[in-house]
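**Q** Sequence below, structure please.
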Amino acid sequence: MAEVDQNKLTIDRVLVDFANNDLIIEGKNFANGTVPSVNLGNLHNLAVTAFNTSTINASLPSDFVHADYRLTVTTGGNANQTGAYD
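**A** Numbering: from 1, shown residues only. A predicted model of the protein is given here:
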């Protein structure tokens, strides 16, 4: 059985608050480096409005189109500081 890295950035759930154009990302180890960089599809470096170790809030553009996107979060250059969610 493979050993799990307890410090790895992990994205568990993603919610969209369309009324406020907010992206809410829930997971683990979001405060393990720098301010998170949030990319959603071709939208790069969304404005992070708040974050702690388990939640990130980021702003979506007002013209955001509802669709399926790949989400990536990065807090540094190490492999355990990047996570993705499809």
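**Q** give me the low-pLDDT residue ranges for the protein?
**A** The chain contains residues with pLDDT under 70 at 1-4.
**Q** Please give me every residue in contact with residue 40.
**A** For residue 40, the contacting residues are 23, 46, 60, 69-71, by CB atoms under 8 Å, 6 or more residues apart in numbering. Every residue, glycine included, has its C-beta placed from N, CA and C.
**Q** Buried ones among those?
**A** The neighbour count (16 or more other CB atoms under 10 Å) marks 23, 46, 60, 69, 71 as buried among the contacts of residue 40.
**Q** ok, those residues vs residue 12, which is closest?
**A** Nearest to residue 12 among these, counting by CB to CB, is residue 71 at 11.7 Å.
**Q** Spatially, what comes nearest to the closest one if we skip its sequence neighbours?
**A** residue 85 (4.4 Å; CB to CB, 6 or more residues apart in numbering).
**Q** Residue 72: what's it in contact with?
**A** Residue 72 sits next to 38-39, 82-85 when contact means CB under 8 Å, 6+ apart.
**Q** Could you point out the member of the residues you listed that lies closest to residue 13?
**A** Closest approach between the contacts of residue 72 and residue 13, by CB to CB: residue 85, at 8.3 Å.
**Q** State the distance from residue 83 to residue 61.
**A** In this view, residue 83 and residue 61 are 22 Å apart by CB to CB, to the nearest Å.
**Q** quick one: the strands in the protein?
**A** 10-17, 22-28, 37-40, 48-51, 55-59, 71-74, 82-85 (DSSP state E).
**Q** want to try CSV for these, with distance to residue 65 as columns?
**A** Shown next, in CSV, are these (distance: least, CB to CB, whole Å):
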stretch, distance to residue 65
strand 10-17, 12
strand 22-28, 14
strand 37-40, 11
strand 48-51, 21
strand 55-59, 15
strand 71-74, 15
strand 82-85, 18
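**Q** before we move on, back to that, what's the neighbour count on the residue nearest to residue 71?
**A** Residue 85: 16 surrounding residues under other CB atoms under 10 Å.
**Q** more neighbours, residue 83 and residue 61?
**A** residue 83 (21 against 11).
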